[in-house]
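J.: model the structure of this input:
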Amino acid sequence: MITEMMTARLKPVQPGRTSLISVLDIGSTKICCVIARLAPRPEGKALKGRTHAAEVIGFGYGASTGIKSGVRPGERVVVRGAYDVQLASAAKGLPAEGHVH
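T.: Below you'll find the predicted structure:
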């Protein structure tokens, strides 16, 4: 649900002009960015008030290791090597001596 607070800083799209927009979604397990061109289009019956069509011209995504919960102000967190810490915490026990698979 889109609220007024979410759209308060959005600038209106100029009728008859092409614009670029970007959307950034930062989650606890992934990060995604979409860049689109808004091109003017005639108003249709199905989409009344829609003055532009969006054409995706670029996107990117990748894994992210975020913090979901459990951190208090002032606590230290791992910011480098987080994947190694995650793998180590998933291990069922300590590995035997040497190189183990």
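
J.: how close does the most centrally placed residue in the chain get to residue 63?
T.: To find the centre residue of the chain, average its C-alpha atoms and take the closest one (Cα atoms, centre = their mean): that gives residue 25, at 1.8 Å. Computed with Cβ to Cβ, to the nearest Å, the distance linking residue 25 and residue 63 is 13 Å. Quick note: C-beta positions are derived from backbone N, CA and C, even for glycine.

J.: helices along the protein, start to end?
T.: Under the criterion DSSP state H, the chain carries helices at the ranges 4-7, 82-90.

J.: for residue 68, which of these is the nearest?
T.: Distances from residue 68 to each of the helices of the chain were compared using Cβ to Cβ; the minimum, 12.3 Å, belongs to helix 82-90.

J.: alpha carbons of that closest one, as PDB, please.
T.: Written as PDB, here are the backbone C-alpha positions of helix 82-90 (Å, rounded to 0.1, in the frame of the first residue of the first chain):
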ATOM      1  CA  ALA A  82      30.000 -12.100   7.300                       C
ATOM      2  CA  TYR A  83      29.500 -15.000   4.900                       C
ATOM      3  CA  ASP A  84      32.400 -16.900   6.500                       C
ATOM      4  CA  VAL A  85      30.800 -16.300   9.900                       C
ATOM      5  CA  GLN A  86      27.400 -17.500   8.600                       C
ATOM      6  CA  LEU A  87      29.000 -20.700   7.200                       C
ATOM      7  CA  ALA A  88      30.800 -21.300  10.500                       C
ATOM      8  CA  SER A  89      27.600 -20.800  12.500                       C
ATOM      9  CA  ALA A  90      25.800 -23.300  10.200                       C
END
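
J.: distance from the chain centre to it, please.
T.: Relative to its parent chain, helix 82-90 has a centroid offset of 23 Å by Cα atoms, centre = their mean, to the nearest Å.

J.: pull out the buried positions in that helix.
T.: Judged by neighbour count (16 or more other Cβ atoms under 10 Å), helix 82-90 contains no buried residues.
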